[in-house]
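J.: coordinates only, sequence not included:
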């Protein structure tokens, strides 16, 4: 059974970064409950699609076989761009961001200007040397690329090590929350910050008219924002052909992992609310002028102002982002490999190393391409203001959901030979799941396109989206006519599954 590396603490921390600047008085318990249902829909969709077509390449394979090769190439190209832009190139950026927030806040508690300054330096938003952060990120990218190419035991050891350390840090932070309450927090917070907790609420009231409490007014808008931070971002389908018995393995490793994630996120939210208070974090964010908040684990340092503990947590926040980044390189590399199998791109990208059993050239291409968005996010505002990555993700997933609906009818023989051929009320279960996913992902796509809390929606950003859609259409057209001129019809190859 594959173990899916999931950076629980870093993802849950990210939930409160952007959300609080746009929405306050959110009932996170109800919101997380509704989000959990939508998350399971997406995960079950990809579990069943991978069961039906257990081949590496994920969305490209699903859509090209169920609908058409051209549509599959466009959908997977969109997914590839989104995956490269985030997290395929931004793991270090967000790792530095969370680590910087943790250090800069904790430095005030520890009365250590050096730690505060280090936190300011590490955060890409406040650093005095983005070139230094970029250079270190490039080194991490190289290390990750080597690990991905070596694959096997080497890469598993790296990822499982990150997972184990992240799990330990998660338990530590949960214990810090669980062993305290809002009364002790108020007393401890007042030791370090004049005015204490009441001062924070008074400031938020004066600056933004904030008062604590729940409201359901923004429930419909907050769910897609939660989706941005917590996902799921299904990617295991990209290595479907490399998993033994995906029907069983992904039931445990994907669906089971999502259930575990839901439980962790709900428990973390409860413990944080019990010990510090979500309303306090909302008020604190507004009191400092809005914008991105701090990471919740930074506030927990008022309970235990210890330098060693600080570094344990900070490293955990950092490696959680790095682990997911490196895994994203694995998943992204299988997309051009699948294209190459079908001759849409040069067949050399489908080469698999006899020694390491990994698609070396496809990995190298993916790593080289990821440098572009990595440069853009460190030195420009393009990624944050012009590239709506969440919209690109949801559009690609929406097309795959449509593929799930039509597969049993357009590829009857392929479907009947698969392990996903069960029916419910006389209708293929895969199609039922696809229909529900179309509704969920359609709603998320609309919100991602129109809600500034999720992604840029300016006219220039929409032109970027248009370009990302048009480029693969042009590439496929060129490839189609090139192959046709050489006696090979691309449209014929999608009638069967790629080789295992």
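T.: Yes, it's here. The model shown is predicted, which means the values in this text are computed figures rather than measured ones.
J.: for the rest of this, base every contact and every neighbour count on C-alpha atoms.
T.: Noted.
J.: secondary structure element for the nearest residue to residue 84 once chain neighbours are set aside, which one?
T.: Among residues not flanking residue 84 along the chain, residue 370 sits closest, at 5.5 Å (Cα to Cα, 6 or more residues apart in numbering). Of the helices and strands defined by DSSP states H and E, residue 370 is found in helix 360-379.
J.: what helices and strands are in contact with that helix?
T.: Here helix 360-379 touches helix 69-85, helix 130-150, helix 307-341, helix 382-386, going by 3 or more Cα pairs under 8 Å, 6 or more residues apart in numbering; DSSP states H and E.
J.: need the contact partners of the helix or strand just after the shortest one.
T.: Translated: helix 382-386. Downstream of helix 382-386, the first helix or strand assigned by DSSP H and E is helix 389-410. With Cα atoms under 8 Å, 6 or more residues apart in numbering as the test, helix 389-410 has contacts from 45, 49, 59, 62-63, 65-67, 75-76, 78-79, 82-83, 85-86, 228, 415-416, 421, 428, 430-435, 437-438, 441-442, 444-445, 448-449, 454-455, 465.
J.: just checking, which of the residues you listed belong to helices?
T.: Per DSSP state H, helices hold the following members of those: 45, 49, 59, 62-63, 65-66, 75-76, 78-79, 82-83, 85, 228, 415-416, 430-435, 437-438, 441-442, 444-445, 448-449, 465.
J.: show me where pLDDT drops low in this structure?
T.: Applying pLDDT under 70 to the chain flags the ranges 1-6, 18, 87-88, 290-292, 499-500.
J.: centre-most residue in it?
T.: Nearest to the mean C-alpha position of the chain, by Cα atoms, centre = their mean, lies residue 233 at 4.9 Å.
J.: which helix or strand contains the closest residue to residue 8 other than its chain neighbours?
T.: Spatially, and ignoring its direct neighbours in sequence, residue 8 is nearest to residue 261 (7.0 Å; Cα to Cα, 6+ apart). Using DSSP H and E, residue 261 maps to helix 256-275.
J.: number of nearby residues for residue 275?
T.: 21 (other Cα atoms under 10 Å).
J.: which residues does it contact?
T.: Contacts of residue 275 by Cα under 8 Å, 6+ apart are 177-178, 180-182, 184-185.
J.: please redo it, this time with the cut-off set to 7 Å
T.: By Cα atoms under 7 Å, 6 or more residues apart in numbering, the contact list for residue 275 reads 177-178, 180-182, 185.
J.: can you tell me the closest non-neighbouring residue to it?
T.: Leaving aside its chain neighbours, residue 275 sits nearest to residue 181 (3.7 Å; criterion: Cα to Cα, 6+ apart).
J.: what's the burial count for the one you found?
T.: Residues near residue 181, counting by other Cα under 10 Å, number 18.
J.: contacting residues for it?
T.: 274-276.
J.: again, only using 10 Å
T.: Residues counted as contacts of residue 181 (Cα atoms under 10 Å, 6 or more residues apart in numbering) are 271-277, 303.
J.: if we can go back for a sec, quick one, which of the ones in helices among the contacts of helix 389-410 are buried?
T.: Among the ones in helices among the contacts of helix 389-410, the ones that count as buried by 16 or more other Cα atoms under 10 Å are 45, 49, 59, 62-63, 65-66, 75-76, 78-79, 82-83, 85, 228, 415, 430-435, 437-438, 441-442, 444-445, 448-449, 465.
J.: isn't residue 374 right up against residue 140?
T.: No: counting by Cα atoms under 10 Å, residue 374 stays clear of residue 140, with 11.8 Å between them.
J.: the more surrounded of those two?
T.: Legend: neighbour count by other Cα under 10 Å for residue 374 and residue 140, higher for residue 374 (26 against 17).
J.: now do residue 16 against residue 96, distance only.
T.: 17 Å (Cα to Cα, to the nearest Å).
J.: now the helix holding residue 370: buried residues?
T.: For helix 360-379, the neighbour count (16+ other Cα under 10 Å) marks 360-364, 366-367, 369-371, 373-378 as buried.
J.: ok, now stretch 119-139?
T.: Applying 16+ other Cα under 10 Å to stretch 119-139 flags 119-124, 127, 130, 133-134, 137-138 as buried.
J.: ditto for stretch 453-472
T.: Buried, per 16+ other Cα under 10 Å, within stretch 453-472: 453-457, 461-462, 465, 468-469, 472.
J.: so how far is residue 41 from residue 99?
T.: Residue 99 is 32 Å from residue 41, by Cα to Cα.
J.: same question for residue 233.
T.: Going from residue 233 to residue 41 by Cα to Cα gives 12 Å.
J.: what do you get for residue 278?
T.: For residue 278 relative to residue 41 (Cα to Cα), the value is 28 Å.
J.: who has more neighbours, the two?
T.: Here residue 278 and residue 41 are compared on neighbour count by other Cα under 10 Å; more neighbours surround residue 278, at 24 against 21.
J.: having no further points to raise, I will conclude here.
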